[in-house]
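[1] Only the shape, not the letters, is given here:
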């Protein structure tokens with residue numbers, strides 16, 4: 001409900017208008033919002049639209065370079081809008097005599113029947129054709145949208161659009177390998193039923209600007225084409241994840257057989273440079289440690305184990321006594337898990353033994369539990385009475 005002014009407010013407003021301090025003709029600009037049709041909700045999320053915007057920004061850069069090479073002139077190509085709408089909204093804007101280009105998606109040899117529709121404004125196409133013929137690309141400002149192309153113009157138009165379509169697939173290379181094939185051009189699109197009127201499409205508008213002309217390139221991506229592309233992208237992501245999982249065993253195998261240098265540190269001491277210079281064979285360096293002191297083992301410069309010095313088959317060796325550092329916590333966790341599993345097994349065996357004791361004659365009983373023979377220190381079996 002509109003705000004109702006009091007009489008004093010009306011008098012103050014009239015007085016300000018008569019004195020010239022306020023302009024009644026000045027109106028506050030209203031912020032415009034797009035109407036949302038709840039009967040046909042949006043099919044593509046903002047993330048999808050953002051992804052398509054990035055794809056066609058790459059396409060705009062490649063198209064910019066291509067046009068500069070063909071026309072031998074500097075131009076700017078930018079993405080104006082990427083919007084979702086119904087096909088009839090795009091179809092109703094087409095007029096008789098307007099030329100549209102049909103392109104078809106090809107993924108791994110599988111061609112989609114539904115075409116991608118590309119419409120270029122006559123101003124930019126006439127300017128490009130004029131530059132290809134050796135002109136400066138000057139066009140009339142009042143060039144009609146239903147401009148009639150000659151046969152020669154249509155031939156050059158077809159060559160240009162073939163180049164534009166062929167480079168479109170490269171903009172998707174960050175997500176999927178695909179290509180678009182040039183189909184044909186239609187001089188009167190209103191007589192051809194290409195897509196269902198209620199089908200969802202994505203409209204991408206590119207602005208193309210020369211110093212003396214400008215125009216727009218509209219690309220209509222049907223839902224059938226985009227659904228196939230996004231399905232293949234999802235398949236590719238799943239395959240990549242599966243391949244990474246499959247290669248994990250191979251990677252672990254290579255890591256497991258790789259060699260690492262283990263350094264045994266007997267001790268540390270400080271010497272003067274003069275003492276080091278005068279060292280000879282047979283000299284003894286005091287490490288301030290006993291001969292049976294603990295020796296630290298380092299892997300990659302980090303201390304992992306602790307042990308004792310000794311010999312094995314007439315060679316110096318270190319017998320590992322303890323685990324140090326981060327590896328200790330990992331071993332402790334594994335040991336706790338093993339102990340917990342053993343306790344669960346013992347508890348399950350006790351429950352089975354209790355069921356066997358309580359069972360009545362004629363009933364099925366659990367397996368008979370036989371205690372394992374004990375070993376003495378020498379490794380021989382111990383028997384009763386022996």
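    Structure received. It should be emphasised that the depicted structure is a prediction, and the values quoted were computed from it without experimental measurement.
[2] where along the protein do the helices fall?
    Per DSSP state H, the chain carries helices over the ranges 7-19, 46-71, 87-93, 122-132, 151-166, 223-256, 273-277, 326-358.
[3] what about the closest residue to residue 268 other than its chain neighbours, how many neighbours?
    Counting by Cβ to Cβ, 6 or more residues apart in numbering, residue 287 is the residue found nearest to residue 268 once chain neighbours are left out, at 7.6 Å. C-beta: built from backbone N, CA, C; applies to glycine. Using other Cβ atoms under 10 Å, residue 287 is surrounded by 12 other residues.
[4] Could you check how far residue 287 is from residue 273?
    19 Å (Cβ to Cβ, to the nearest Å).
[5] For the stretch 101-250 of the chain, give me the ranges with low pLDDT.
    192, 236-247 (pLDDT under 70).
[6] Would you check that the residue nearest to residue 268 makes contact with residue 267?
    Yes - in this structure residue 287 lies within contact range of residue 267 using Cβ atoms under 8 Å: 3.6 Å.
[7] mind putting the helices of the chain in a markdown table, distance to residue 179 and mean neighbour count included?
    Listed next are those as a markdown table, based on distance: least, Cβ to Cβ, whole Å; neighbours: other Cβ atoms under 10 Å:
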| stretch | distance to residue 179 | mean neighbour count |
| --- | --- | --- |
| helix 7-19 | 66 | 11 |
| helix 46-71 | 13 | 16 |
| helix 87-93 | 24 | 15 |
| helix 122-132 | 23 | 22 |
| helix 151-166 | 8 | 16 |
| helix 223-256 | 12 | 12 |
| helix 273-277 | 70 | 8 |
| helix 326-358 | 51 | 11 |
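[8] Of the ones you listed, which is nearest residue 80?
    Nearest to residue 80 among the helices of the chain is helix 46-71 (9.8 Å), distances taken as Cβ to Cβ.
[9] helices or strands next to the closest one in the packing?
    strand 76-86, helix 122-132, helix 151-166, strand 200-209, strand 214-222 (3 or more Cβ pairs under 8 Å, 6 or more residues apart in numbering; DSSP states H and E).
[10] mind pulling up the phi and psi values for the residue nearest to residue 268?
    Per-residue torsions, residue 287: phi -100, psi 0 (degrees, to the nearest 10).
[11] residue contacts, it?
    Residue 287 makes contact with 266-269, according to Cβ atoms under 8 Å, 6 or more residues apart in numbering.
[12] Among the residues you listed, find me the one that's closest to residue 60.
    residue 268 (64.2 Å).
[13] Next, count neighbours for the closest one.
    Residue 268 has 8 nearby residues by other Cβ under 10 Å.
[14] Same list (the helices and strands packed on helix 46-71) but as a markdown table, adding distance to residue 43.
    Output for these, formatted as a markdown table (distance: least, Cβ to Cβ, whole Å):
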| stretch | distance to residue 43 |
| --- | --- |
| strand 76-86 | 7 |
| helix 122-132 | 31 |
| helix 151-166 | 25 |
| strand 200-209 | 5 |
| strand 214-222 | 12 |
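[15] I figured residue 309 was touching residue 266, is that so?
    Yes - look at residue 309 against residue 266 with Cβ under 8 Å: they come within range, at 7.3 Å.
[16] which residues are in contact with both of those two?
    residue 295.
[17] care to break this structure down by domain?
    Listed by automatic domain parsing, the domain ranges of the chain are 46-238, 260-267+293-330.
[18] Next up, the contacts around residue 157.
    Taking Cβ under 8 Å, 6+ apart as the test, what residue 157 contacts is 99, 125, 129, 149, 185.
[19] now the helices of the chain in JSON lines, with distance to residue 138?
    As requested, the helices of the chain are exported to JSON lines (distance: least, Cβ to Cβ, whole Å):
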{"stretch": "helix 7-19", "distance to residue 138": "50"}
{"stretch": "helix 46-71", "distance to residue 138": "13"}
{"stretch": "helix 87-93", "distance to residue 138": "27"}
{"stretch": "helix 122-132", "distance to residue 138": "7"}
{"stretch": "helix 151-166", "distance to residue 138": "16"}
{"stretch": "helix 223-256", "distance to residue 138": "37"}
{"stretch": "helix 273-277", "distance to residue 138": "85"}
{"stretch": "helix 326-358", "distance to residue 138": "74"}
